[in-house]
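# please work out how this folds:
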Amino acid sequence: MTNFQNVDEYGRREFIAHAAKACLGVGLMPMAGSYIHDSVKALTPGARPAAARHVIYLNMTGAMSHLDTFAPQIDNPKLMHDVKAIPTSADGVVLAENLPLTAQHMHNASIIKTMVSSQGAHMQASYLMSTSYLQRGTIVHPTFGSWVAKLSGQINRTIPMNVKIGGGGGGAGFLEAKYGALPIGRPGQGLANSKMASYLDDTMFQNRIAAAEELNVNFNAEYPQKQVRAYSDLYRDAIKLMKSEDLNAFDINKEPDSMKELYGETNFGQGCLLARRLIEHKVRYVEVTRGGWDTHDDNFNRVANNCIDIDKALSGLLTDLEMRGLLKDTLVVLTSEFGRTPVPNGRDGRDHWPYCFSAFLAGGGIKGGVMYGDVDETGRSPIAGKPIKPEDLNATIAYALGLPLNDVQYSPSGRPFTIAHKGEPLFDVLA
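Numbers count the residues shown, from 1 in each chain. Model (predicted):
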């Protein structure tokens, strides 16, 4: 039996609070102190509650200009061209004027201004951001959504745990195939190849499935590896979804026109709307990709045009989630693989800059009204707050989801890997 005197201070307070709730029907947490984040609990399975159950990850591929969006450099207007900073719904937090709708939601959101990456090329930086590991020729690492699916488990047994809308990638790497992202090309077209061919009836379809399974019996017996079993599971799950009412989750045409207008009629806007529908149906992780950010030329006009799209979609998503009571359980993230140079080039463009960029987080498990860190007046390097690497951002998301950062999964060669590599959660933005 554990000696109560040997329990740490938080453990004693937690015990008292739970005992009061069980015996008296009251909660003492306001008296006992709010939940305390620490690195030990980050590594211990089940040692902390999950503040969020779902993630919507908005991936700005091509490297979004942080200065002209979420991290304007107000101390040096020369870097900002004609872009102004505007106040938000959170005291002391400003955004670029390109995001006026999102500015109204900053009381529910945090911004990390000190993101850094070791990679300055798109492919390598995107790989690092999505896996927490450097790209190698000898292994393909699981994407973060695959890790979330693996460690979180299904809530709804008939729908995939991990969905990617737009863009490529999202593979499970050395994890079982069922944890990889289900790809959706255009959100308005729903889930491709999800209906039985018109020339088949249910009996014919079931006979074909049975014949395929019979052909696989000997192969499965000879090669009983988990990856082989995973593909069989994948087919069974696909058939289950085809026959389920949950297939309607992928059909945004069931939404009223007013809801489509709230998000905007672009692919990205409708992708965010589809993400909300999927979260409603208990999908764990949804990534929505929006390209067009590689602004080596004409940065200021192109970013302004891009922001018309993302500002409306992001604001619509946050509004909709909050109205439906889903924001408290859903962590919304928006970032890109790196940032862009503080000093414009000779073509009114901004070039690659992995040394300082930003990430936006809102909803489940996130403090509202936080602007973490600061950069020097040249906009080149963090000077306040620690540099946050891609693996640190992923560790922060995993922590909010209640996932253990030290859960080890092994590659086929026996090498150990974890969800966020050596990343550490940024407790400053966690509620």
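
# next one: phi and psi at residue 95?
Note on residue 95: backbone dihedrals following degrees, to the nearest 10 are phi -130, psi 170.

# figure out the helix or strand that residue 286 lives in.
Using DSSP states H and E, residue 286 sits within strand 285-290.

# what of residue 320?
helix 299-323.

# tell me the helix or strand right after that helix.
With DSSP H and E, the next secondary element past helix 299-323 is strand 330-335.

# what's that next one packed up against?
strand 54-60, helix 299-323, strand 357-363, helix 390-400 (3 or more Cβ pairs under 8 Å, 6 or more residues apart in numbering; DSSP states H and E). For glycine as for every other residue, the C-beta is placed from the backbone atoms N, C-alpha and C.

# tell me the strands beside the helix or strand just after the last one, with direction?
So the one you mean is helix 390-400. Moving toward the C-terminus from helix 390-400, the next helix or strand (DSSP H and E) is strand 409-410. Strand pairing for strand 409-410, using DSSP bridges, gives strand 416-417 (antiparallel).

# quick one: contacts of the strand it pairs with?
Contact with strand 416-417 is made by 133, 141-142, 174, 408-411, as judged by Cβ atoms under 8 Å, 6 or more residues apart in numbering.

# need these in CSV (columns: pLDDT and distance to residue 116).
Shown next, in CSV, are these (pLDDT from 0 to 100; distance: Cβ to Cβ, whole Å):
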residue, pLDDT, distance to residue 116
133, 98, 16
141, 97, 20
142, 97, 23
174, 94, 27
408, 95, 26
409, 95, 26
410, 95, 29
411, 94, 27
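
# how about these in JSON lines, adding neighbour count and distance to residue 297?
Formatted as JSON lines, the contacts of strand 416-417 follow (neighbours: other Cβ atoms under 10 Å; distance: Cβ to Cβ, whole Å):
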{"residue": "133", "neighbour count": "20", "distance to residue 297": "32"}
{"residue": "141", "neighbour count": "24", "distance to residue 297": "33"}
{"residue": "142", "neighbour count": "27", "distance to residue 297": "36"}
{"residue": "174", "neighbour count": "19", "distance to residue 297": "40"}
{"residue": "408", "neighbour count": "10", "distance to residue 297": "45"}
{"residue": "409", "neighbour count": "17", "distance to residue 297": "42"}
{"residue": "410", "neighbour count": "10", "distance to residue 297": "46"}
{"residue": "411", "neighbour count": "16", "distance to residue 297": "41"}
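
# would you list those in TSV and tack on distance to residue 52?
Converted to TSV, these look like this (distance: Cβ to Cβ, whole Å):
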residue	distance to residue 52
133	23
141	23
142	20
174	26
408	23
409	22
410	27
411	28
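
# about what we covered before: which helices and strands sit right next to the helix holding residue 320?
So helix 299-323, by 3+ Cβ pairs under 8 Å, 6+ apart, packs with strand 54-60, helix 257-263, helix 267-280, strand 285-290, strand 330-335, strand 357-363.

# could you export the strand holding residue 286 as CSV, CA atoms only?
Coordinates of each C-alpha in strand 285-290 appear next as CSV, following Å, rounded to 0.1, in the frame of the first residue of the first chain:
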residue,chain,number,x,y,z
TYR,A,285,-7.2,13.6,-36.5
VAL,A,286,-8.0,15.6,-39.6
GLU,A,287,-5.4,17.5,-41.6
VAL,A,288,-6.5,20.2,-44.2
THR,A,289,-3.8,21.4,-46.6
ARG,A,290,-3.6,24.8,-48.2
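
# which helices and strands does it pack with?
strand 54-60, helix 144-152, strand 162-165, helix 267-280, helix 299-323.

# just want the angle from the longest one to strand 357-363.
Relative orientation of helix 299-323 with respect to strand 357-363: 20 degrees, computed using axes from the mean of the first three to the mean of the last three Cα atoms, to 10 degrees.

# can you give me the offset of helix 299-323 from its chain's centre?
17 Å (Cα atoms, centre = their mean, to the nearest Å).

# list the buried residues of it.
299-300, 302-303, 306-307, 309-322 (16 or more other Cβ atoms under 10 Å).

# likewise for the third one?
Of the residues in strand 162-165, those buried under the neighbour-count criterion (16+ other Cβ under 10 Å) are 162-165.

# can you tell me the strand partners of the next helix or strand after it and which way each runs?
Per DSSP H and E, the first helix or strand lying C-terminal to strand 162-165 is strand 182-184. Note on strand 182-184: by DSSP bridges, its sheet partners are strand 162-165 (parallel).

# where's residue 403 relative to residue 53, distance?
11 Å (Cβ to Cβ, to the nearest Å).

# ok, residue 411 next?
28 Å.

# try residue 410
In terms of Cβ to Cβ, residue 410 sits 27 Å off from residue 53.

# just residue 302 next, same as before
36 Å.

# returning to what we had before: and the helices and strands packed on strand 285-290 as JSON lines, adding distance to residue 420 and mean pLDDT?
Output for the helices and strands packed on strand 285-290, formatted as JSON lines (distance: least, Cβ to Cβ, whole Å; pLDDT from 0 to 100):
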{"stretch": "strand 54-60", "distance to residue 420": "13", "mean pLDDT": "98"}
{"stretch": "helix 144-152", "distance to residue 420": "8", "mean pLDDT": "96"}
{"stretch": "strand 162-165", "distance to residue 420": "16", "mean pLDDT": "96"}
{"stretch": "helix 267-280", "distance to residue 420": "22", "mean pLDDT": "98"}
{"stretch": "helix 299-323", "distance to residue 420": "24", "mean pLDDT": "98"}
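
# noted, bye for now.
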